[in-house]
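# return atomic coordinates for the entry below.
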Amino acid sequence: MNGYTNNCISICAILLIGVSSPAPQQNINAQKNIEEIFNTNSNLSAQKESGIGLVITPDPMETISQQSNFTSTSGKTATCNCVPYYKCDPSTKSFTEDGSFDGFGVIDIRFNDDDPICPASVDVCCDANRTLNKTLNPTPLDQRPNQPRGCGVRNTGGLDFTLSGVSQNEAGFGEFPWTVALLHSGNLSYFCAGSLIHKQVVLTAAHCVESLRTGSFTVRAGEWDTQTMKERLPYQERSVQTVILHPDYNRRSIAYDFALVILSQPVTLDDHINVICLPQQDDIPQPGNTCFSTGWGKDAFGSLGKYSSLMKRVPLPIVEFNSCQTRLRGTRLGPKFALDRSFICAGGQRGIDTCQGDGGAPLACPRGSTRESRYQQTGIVAWGIGCNDEVPAAYANVALVRGWIDQQMLTNGFGTAVYTA
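Coordinates of the predicted model:
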């Protein structure tokens, strides 16, 4: 992932966790690095004028015009209507008006020299006799038989359609419905990710929000492709009421990097918006278990670029704590480095990493039977060394603070059952 805050691409932040006390000048330099890596410098928001703010106001679906007889970016031409997939009859013969179907087939998201005919990710080249003037809606998930209910249900492969041409770990539409984007309210630029644990509460990293006023950022749920607003199910945005930092959070070492964001209004849960499960207190993730980190990228969040505009899902294996510490000691951290117990580790496979991932993004691991495709949040993206190499990255250990999360939820009038599987 190309992450807005570049949280896992530098050793600088980790130097703050060293065993010796730094000199005053080192403190100044280290704090500067912290601000650059984790985007904790509130002045940065004024410098970011592009991004998701360019696509903030959706057009009503009725006003979306059809494109026909056009040329794509690779020079391909076609005589068809380029319309959102849900306005094209998925059958050449007939379609079901009562919505009793569950998908629209395959959508190709390749770009550049081998791009598909239609320029937008959710558009298809539709023959005139198959083009509809109304939205064709699949049966909602909660109305389908044998559909898993409750927290952490991954829509494996995505809702509505299957992606083709995936080359950058793109997630399907609505595949990880708990992932949210945090946006600066002034220019609506993306700075961190988070996860829904309640329809009015987001779990994220403390380093993302510690220096921000509650009115200075917004939470967006249900986003997928930041280049378009043509998704069949729209995103929802909420302002922030309260931010709660973990009392043991250390802004110098990034230990206990946990924060709860209480929204001013609850989001409405839907097929593409749902809460994630949380692990039990002190639950230990199984080493080797493949988990997923999800979020968007810095360089193309909005109308700039293509691949990074889609939500990413990066598969990462859990690494045992002592093994991770040993591997970290083999880096520039040195043989005396001590990994804080508030972290867990994942990754360490060359070429697969969240080295440019999103701060606060969830690390979700499967739980229960594979048939349910249910996930719990094991970690939160924190820091790492290098990029795409064989050194694991560090994630805030959610199971360590499950009791604290429960306490804060109850104190603020929320239940805990919603994220308990």
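
# so Pro84 is in contact with Asp123, correct?
Yes. Counting by Cβ atoms under 8 Å, Pro84 sits close enough to Asp123 to count as a contact (6.1 Å). For the C-beta atoms, the positions are set from N, CA and C on the backbone; glycine is no exception.

# what is in contact with the two at once?
With contacts defined as Cβ atoms under 8 Å, 6 or more residues apart in numbering, the residues adjacent to both Pro84 and Asp123 are Lys230.

# neighbours of Trp296, how many?
A count of nearby residues for Trp296, using other Cβ atoms under 10 Å, gives 30.

# roughly how far does it sit from Thr131?
Per Cβ to Cβ, to the nearest Å, Trp296 is found 31 Å from Thr131.

# now do Val391
The gap separating Val391 from Thr131 is 51 Å, by Cβ to Cβ.

# which one's more surrounded, those two?
Using other Cβ under 10 Å as the criterion, Val391 and Thr131 rank with Val391 on top: 23 against 17.

# need the contact list for the more buried one.
Going by Cβ under 8 Å, 6+ apart, Val391 touches 327-328, 330-331, 348, 384-385.

# which of those residues are buried? Put it as a ChimeraX command.
Buried members of the contacts of Val391, defined by 16 or more other Cβ atoms under 10 Å, are picked up in ChimeraX with:
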select :327,328,348,384,385
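
# which one of the contacts of Val391 is nearest Leu260?
Compare each of the contacts of Val391 with Leu260 using Cβ to Cβ and the shortest gap goes to Gly384, at 23.9 Å.

# Three-state assignment for the residue nearest to that closest one when sequence neighbours are not counted, please.
Residue nearest to Gly384 in three dimensions, not counting chain neighbours: Ala393, with 3.1 Å by Cβ to Cβ, 6 or more residues apart in numbering. Three-state assignment for Ala393 (DSSP: H, G, I helix; E, B strand; the rest coil): strand.

# mind listing the residues bridging to Ala393?
Beta-bridge partners of Ala393, counted by DSSP bridges, are Ala346.

# separation between it and Ile405?
In this structure, Ala393 and Ile405 are 22 Å apart, going by Cβ to Cβ.

# more crowded one of the two?
When Ala393 is set against Ile405 and neighbours are counted by other Cβ under 10 Å, the residue ahead is Ala393, at 31 against 22.

# wait, doesn't the more buried one sit right on Cys345?
Yes. Taking Cβ under 8 Å as the definition, Ala393 is a contact partner of Cys345 at 6.8 Å.

# tell me the pLDDT at Asn81?
According to the model's per-residue confidence, Asn81 sits at a pLDDT of 76.

# Cys126 is in contact with that one, correct?
Yes. Between Asn81 and Cys126 a contact is recorded at 4.8 Å, counting by Cβ under 8 Å.

# what residues are shared contacts of the two?
Common neighbours of Asn81 and Cys126, using Cβ under 8 Å, 6+ apart, are Cys88.

# quick one: the helices in the stretch 151-300 of the chain, in order.
Across the stretch 151-300 of the chain, reading from the start of the chain, the helices by DSSP state H, counting those that start in this stretch fall at 206-209.

# and Met409, backbone torsions?
Taking degrees, to the nearest 10, you get phi -60, psi -50 for the backbone angles of Met409.

# ok, now which ones touch it?
Counting by Cβ under 8 Å, 6+ apart, the residues that Met409 touches are 198, 201, 260, 415-416.

# make it 10 Å
With Cβ atoms under 10 Å, 6 or more residues apart in numbering as the criterion, the residues that contact Met409 are 197-198, 201, 244, 260, 262, 415-416, 418-419.

# same question for Phe292.
Contact partners of Phe292, counting by Cβ under 10 Å, 6+ apart, are 154, 169, 171, 175-176, 179, 312-316, 346, 361-366, 375.
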